[in-house]
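>>> just the structure for this:
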Amino acid sequence: MAARRGNGEGTISQYADGRWCGRVMIAGKRRAVYGKTRAEAQRQLRELLSRSDQGILPAHQVTLAAHLDRWLEDVARPSVRPATYRSYELLSRLHIKPALGKVKLSQLQPAHLQGLYASLSASGLSASTVNRVHAVIRRSLRHALDTGLVARNVSQAAHPPSVRREEMHVLDREQARALLAAAKGTRWEALLTLAITGGMRQGELLGLKWGDVDLEAGTVRVVRQLGTDGIFSEPKTHQSRRTIDLPPSTVTVLREHKARQLQERVMQGPAWEGQELVFCTLRGRPLGYRNATRAFKATLGRAGLPEIRFHDLRHTAATLMLLAETPLHVVSRRLGHASITLTANTYAHVLPTMGRDAAARLEALLG
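You can find the predicted model right below:
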């Protein structure tokens, strides 16, 4: 193993297998970091020295709680959406630090994490939440590995519970018509109509503003979403930022909704707190998920339809579009999916029927 030393960087050495190792003495102890290239090892070594200059504890003294706090502040906060950061911080504060916060990073083992996941599951926490806990630990330990605080990411050897995919329940064409008929003339008609014809997520609908709606062109632009915490944010992915063409009937419903909302605004007078939201409370404030879902469930009841989730309206929109022989890539774009593969996998139950219909049409064409 040949060693080369740079100014103030410790010793940079290369193993026979091609890996590079950086070594330096910190607080009387020799520390080592590793990289696939010399530049990577050098970068990690400089970061290690920088942490030492800032008075950060040596790795063998750093607890999981201290590391999580610093990772949240220095790495997560600048790089993820505010709602994601708040989720990370909440999971860390409520579920990780109370159980494992005092454990030293150098002593953390897969068994610690496996025990945490079992305990959280036994307490009634859902599998999806336990998986989010695992994701926070995994990402924070990946950073600890990258910066030389640990020799391996022990979360890779721990396994959170499997998440059972919620069964999709969609409305067929007649049921969708019945739902919209039951909503006709109410202040919820436009919301449910746009959910079914636009395929937008609930947060995208509740974050929609009139400036995003072009009634002349018959389009809506998805540029923000309202979180369950009541905070607006940008869509999660680039594909989620999209323009959706609307059927003329939906445009008509939106025009009527806008006129009704203007009447409500006049009636409220100075009490109106509007933010130009398309869907809002009687005083113009953002409409909460719970209120929207409650109104949706009540409309289902009036229509005599089985209870489904609000999110199933998005699945209904996709299914109806596919059954109407809309090309898969168009459906994917309207839904704002990250890839057409995601759309195909999500709605695979519809595709076999489409394939049979295509075969029948081809037979008729050639027969």
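
>>> local confidence estimate at the closest residue to Gln114 other than its chain neighbours?
Closest residue in space to Gln114, ignoring its immediate chain neighbours: Ala158 at 5.0 Å, by C-beta to C-beta, 6 or more residues apart in numbering. The C-beta positions use only the backbone N, C-alpha and C, and glycine is treated the same way. pLDDT, Ala158: 95.

>>> show me where the stretch 251-367 of the chain has its helices.
Taking DSSP state H, counting those that start in this stretch, the helices of the stretch 251-367 of the chain run over residues 289-303, 312-323, 328-335, 340-346, 351-366.

>>> and the longest one, average pLDDT?
Over the span of helix 351-366, the pLDDT mean works out to 60.

>>> I'd say Thr219 and Asp245 touch.
Yes: taking C-beta atoms under 8 Å as the definition, Thr219 is a contact partner of Asp245 at 5.6 Å.

>>> from the helices of the stretch 251-367 of the chain, which stretch is densest packed?
Highest mean neighbour count among the helices of the stretch 251-367 of the chain (mean count of other C-beta atoms under 10 Å): helix 312-323, with a mean of 21.

>>> so what does that one touch, helix or strand wise?
helix 173-183, helix 189-198, helix 328-335, helix 340-346, helix 351-366 (3 or more C-beta pairs under 8 Å, 6 or more residues apart in numbering; DSSP states H and E).

>>> hmm, try it at 6 Å
helix 189-198, helix 328-335 (3 or more C-beta pairs under 6 Å, 6 or more residues apart in numbering; DSSP states H and E).

>>> ok and the shortest one relative to helix 312-323, angle-wise?
Read it as helix 328-335. 160 degrees (axes from the mean of the first three to the mean of the last three C-alpha atoms, to 10 degrees).

>>> contacts for the host helix or strand of Ala111 next, please.
Taking DSSP states H and E as the definition, Ala111 sits inside helix 110-122. For helix 110-122, the surrounding residues in contact (C-beta atoms under 6 Å, 6 or more residues apart in numbering) are 99-100, 130, 154-155, 157-158, 160-161.

>>> could you check how many residues crowd around Gln14?
The local packing of Gln14 (other C-beta atoms under 10 Å) involves 16 other residues.

>>> that one against Trp20, yeah?
Yes: counting by C-beta atoms under 6 Å, Trp20 is a contact partner of Gln14 at 5.3 Å.

>>> quick one on the thing from earlier: Arg43: which of the helices of the stretch 251-367 of the chain is closest?
helix 340-346 (34.4 Å; C-beta to C-beta).

>>> of the helices of the stretch 251-367 of the chain, which shows the lowest average pLDDT?
Among these, helix 351-366 scores lowest, with a mean of 60.

>>> go ahead and flag the most central residue of the protein.
Lys236 (6.2 Å; C-alpha atoms, centre = their mean).

>>> how about the helices of the stretch 251-367 of the chain in a markdown table, adding distance to Tyr88?
Converted to a markdown table, these look like this (distance: least, C-beta to C-beta, whole Å):
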| stretch | distance to Tyr88 |
| --- | --- |
| helix 289-303 | 21 |
| helix 312-323 | 26 |
| helix 328-335 | 27 |
| helix 340-346 | 24 |
| helix 351-366 | 36 |
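
>>> who wins for proximity to Lys36 among these?
Minimum separation from Lys36 across these (C-beta to C-beta) falls at helix 340-346, 29.5 Å.

>>> now do the contacts for the closest residue in space to Thr293 that isn't next to it in sequence.
Once flanking residues are discounted, Thr293 sits nearest to Phe310: 5.0 Å by C-beta to C-beta, 6+ apart. By C-beta under 6 Å, 6+ apart, the residues touching Phe310 are 202, 293, 296.

>>> same check, this time on Ala178
Ala303.

>>> now do 8 Å
Ala178 makes contacts with 303-305, as judged by C-beta atoms under 8 Å, 6 or more residues apart in numbering.

>>> and which of the contacts of Phe310 is nearest to His349?
Distances from His349 to the contacts of Phe310, taken by C-beta to C-beta, are shortest for Gln202, at 22.1 Å.

>>> okay, now the closest one: neighbour count?
Around Gln202 there are 21 residues (other C-beta under 10 Å).

>>> which residue is the nearest non-sequential neighbour of it?
Spatial nearest neighbour of Gln202, chain neighbours left out: Phe310 (5.2 Å); criterion: C-beta to C-beta, 6+ apart.

>>> hang on, the earlier thing: compare the helices and strands packed on helix 312-323 and give me the one nearest Val150.
Smallest distance to Val150 across those (C-beta to C-beta): 39.9 Å, for helix 328-335.

>>> and the closest one, what does it pack against?
strand 242-245, helix 312-323, helix 340-346.

>>> and stretch 191-211, what's buried?
Within stretch 191-211, the residues that count as buried by 16 or more other C-beta atoms under 10 Å are 191-209.

>>> one more: stretch 232-252?
Within stretch 232-252, the residues scored as buried using 16+ other C-beta under 10 Å are 232-233, 235-236, 240, 242, 244, 246, 250-251.

>>> that older thread, distance check, the residue nearest to Gln114 against His112.
8 Å (C-beta to C-beta, to the nearest Å).

>>> compare those two (neighbour count), which wins?
Ala158 (19 against 16).

>>> list phi and psi for that one.
phi -110, psi 150 (degrees, to the nearest 10).

>>> just use 15 as the starting number from now, easier for me
Taking 15 as the first residue, the last one we looked at is Ala172.

>>> sweet, I'm off.
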